[in-house]
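K.L.:
Fold the following and give me the result.
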Amino acid sequence: MKGPSYLLVLLLVSLVALVVADEKYTRKYDDVNVDKILQNNRVLTNYIRCLMDEGPCTAEGRELRKTLPDALSNGCDKCNDKQKVMAEKVINHLKAKRSRDWDRLVAKYDPRGEYKKRYEKS
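P.N.:
Prediction:
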């Protein structure tokens, strides 16, 4: 998986794995219907605003905002396979249909491109 694609995987993982556990992210959100979120512009926009510190957050959104930097820094080592698949789905959606939001998220969470560089080499 390359650069921005991997970043989006991590974004989704954070959406579904909102609480950091000792070894793995919680499975509490593994059954979230990601397709439904992606199809609901209002809900998706609210998550993005939360992540960008531009709007209120739900409890899940606040936890997501906390978890995302950890997921980026550890290469999603704490993610399970389902979370990685869901993250990739979110990343692909944002890149294809919400590219401006995707670019803003990348600028906020990877401003120096260090994670992008790391994963483009793999």
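
K.L.:
And the pLDDT at the residue most central in space within the chain?
P.N.:
By CA atoms, centre = their mean, the mean C-alpha position of the chain lies nearest to L11, the distance being 0.9 Å. Note on L11: pLDDT of 72.

K.L.:
just the one 4 residues further on next, same as before
P.N.:
At L15 the predicted local confidence, pLDDT, stands at 65.

K.L.:
Over to the one 5 residues further on?
P.N.:
We note a pLDDT of 46 for V20 in this prediction.

K.L.:
Repeat that for S73.
P.N.:
81.

K.L.:
Can you pull the phi/psi pair for it?
P.N.:
When quoted as degrees, to the nearest 10, the phi and psi of S73 stand at phi -70, psi -30.

K.L.:
For Q39, see how far away it is.
P.N.:
Using CB to CB, to the nearest Å, S73 is found at 31 Å from Q39. The way it works is simple: take the backbone N, C-alpha and C, and place the C-beta from them, glycine included.

K.L.:
Repeat that for A87.
P.N.:
17 Å.

K.L.:
just N33 next, same as before
P.N.:
Noted for N33: a distance of 9 Å to Q39, by CB to CB.

K.L.:
likewise R100?
P.N.:
On the measure of CB to CB, R100 and Q39 end up 19 Å apart.

K.L.:
Excluding chain neighbours, what is closest to D35?
P.N.:
Leaving aside its chain neighbours, D35 sits nearest to K89 (7.7 Å; criterion: CB to CB, 6 or more residues apart in numbering).
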